[in-house]
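Asks: Sequence and computational prediction follow.
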Amino acid sequence: MNRRTYLAAVSTASVAAAAGCSAVSDTQTISEPTVDADSPGRKTLVFEADDGEVGHVGVDGTVDSGRIDLSTEIWHREGTRVSSIRLNVWTPDPATGSPARVAVVSPVEGDSSPPPSISLYTPDRRPGTVVEITDLDDLADETISTLGLVVIPAASEDTELRIRATVELTGSGVLGSDYTLDGELQLAYPALAER
């Protein structure tokens with residue numbers, strides 16, 4: 001057997017096999033989650049695929065002095081990593097026509113890495129404020145429960161809150177699936193009207 005011919009054939013086959021590896025992974029969008037509601041101000045979006053739960057996004061809010069303090073939890077299945085989180089937060093039909101003010105109050109950071117990139121901005125032709133988190137580093141493969149938000153509605157009549165959550169997950173391994181989790185929470189905080 002000619003060793004050079006053998007090595008050339010094996011190398012060509014390896015390169016051809018490796019070239020298709022990125023195509024093996026596919027992206028599945030899950031945009032019809034179920035909603036688990038513990039109360040009007042505490043709800044969870046549960047995203048499922050044929051083989052079980054892929055992830056969930058939970059929000060728990062309390063009212064204090066005319067503001068809503070929100071804590072979040074973002075869980076994803078073993079073998080996936082969070083590549084980005086996008087939360088669009090708004091009050092539907094604000095009484096004054098002014099949007100609610102939104103702030104990030106809890107740092108999102110892991111044990112040993114620098115904090116991720118966080119952006120707050122007003123989207124074009126859409127209501128509310130967008131909180132976008134990328135570059136999660138060592139948080140990417142963990143449950144993220146360190147993201148806290150404060151929402152201050154423009155008027156006391158603005159007792160409803162909407163949050164559209166979009167979470168991008170990447171699968172690990174050659175056969176891992178990528179997921180886009182997309183859903184909306186409709187929350188209510190009637191205690192705001194009592195201020």
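Replies: Ah, there it is. Bear in mind that the values here come from a model prediction, so they are computed numbers and not experimental data.
Asks: Now do the phi/psi pair for residue 100.
Replies: Dihedral angles of residue 100 (phi, psi; degrees, to the nearest 10) stand at phi -70, psi 150.
Asks: That one contacts residue 92, doesn't it?
Replies: No - if you go by C-beta atoms under 8 Å, residue 100 and residue 92 don't touch, sitting 10.3 Å apart. The C-beta positions use only the backbone N, C-alpha and C, and glycine is treated the same way.
Asks: Looking at those two, which one has more neighbours?
Replies: residue 100 (21 against 11; other C-beta atoms under 10 Å).
Asks: Tell me who's in contact with the more buried one.
Replies: Residues in contact with residue 100 (C-beta atoms under 8 Å, 6 or more residues apart in numbering) are 89-91, 94, 128-129, 151-154, 158, 161.
Asks: of those residues, buried ones?
Replies: The neighbour-count test (16 or more other C-beta atoms under 10 Å) applied to the contacts of residue 100 identifies 89-91, 94, 128-129, 151, 153, 158, 161 as buried.
Asks: Inside strands: which ones of the residues you listed?
Replies: 89-90, 129, 151, 161 (DSSP state E).
Asks: Just flag the most distant two among those residues.
Replies: Across those, the longest distance by C-beta to C-beta is 11.5 Å; it joins 129 and 161.
Asks: between these two, what contacts are shared?
Replies: Shared contacts of residue 129 and residue 161, counting by C-beta under 8 Å, 6+ apart, come down to 89-90, 100.
Asks: export those to JSON lines and tack on pLDDT and distance to residue 180?
Replies: Listed next are these as JSON lines, based on pLDDT from 0 to 100; distance: C-beta to C-beta, whole Å:
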{"residue": "89", "pLDDT": "95", "distance to residue 180": "19"}
{"residue": "90", "pLDDT": "93", "distance to residue 180": "21"}
{"residue": "100", "pLDDT": "91", "distance to residue 180": "26"}
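Asks: No more questions from me, cheers.
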